[in-house]
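K.L.:
Here's my sequence, what's the structure:
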Amino acid sequence: MLTYIKESIEELRNNVTLPPRAESSNLMVVVAVFSILFALATWGVDSAFSKMVRLYFDNILN
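P.N.:
As a prediction, the model looks like this:
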C-alpha cells in the first residue's frame, strides 16, 4: 500500500500538468452549463413520473 501511494505521488509530481487558467475557466463553464441542464432534465422527468403515478392511483382509488 505504501509503495502504491509513493508511486502515485511520484507520478503526480512528474507526469501531471495542469491546463492554463483560461482553459480551466472555459471547461468550468461547460461543466456548470451541462450540470444545470442535466438537473433540469432530471427534474422534468421526475415531475412527469410523479404526475403519472398520482393520476394512476387517483383513478384506482376512485
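
K.L.:
name the element S35 belongs to?
P.N.:
Secondary-structure element containing S35, defined by DSSP states H and E: helix 21-61.

K.L.:
Sorry, wrong one. I was asking about K6.
P.N.:
Under DSSP H and E, the secondary-structure element containing K6 is helix 2-15.

K.L.:
From the chain's centroid, how far away is that helix?
P.N.:
27 Å (CA atoms, centre = their mean, to the nearest Å).

K.L.:
Average pLDDT for that helix, rounded please.
P.N.:
Per-residue pLDDT over helix 2-15 has a mean of 94.

K.L.:
mind exporting that helix as CSV, just the C-alpha atoms?
P.N.:
Extracted in CSV, the C-alpha atoms of helix 2-15 (Å, rounded to 0.1, in the frame of the first residue of the first chain):
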residue,chain,number,x,y,z
LEU,A,2,2.8,2.4,0.8
THR,A,3,4.5,1.7,-2.5
TYR,A,4,1.3,2.5,-4.3
ILE,A,5,1.0,5.8,-2.5
LYS,A,6,4.6,6.7,-3.1
GLU,A,7,4.3,5.8,-6.8
SER,A,8,1.1,7.9,-7.1
ILE,A,9,2.8,10.9,-5.6
GLU,A,10,5.8,10.4,-7.9
GLU,A,11,3.5,10.3,-10.9
LEU,A,12,1.6,13.4,-9.9
ARG,A,13,4.8,15.3,-9.5
ASN,A,14,6.4,14.2,-12.7
ASN,A,15,3.7,13.4,-15.3
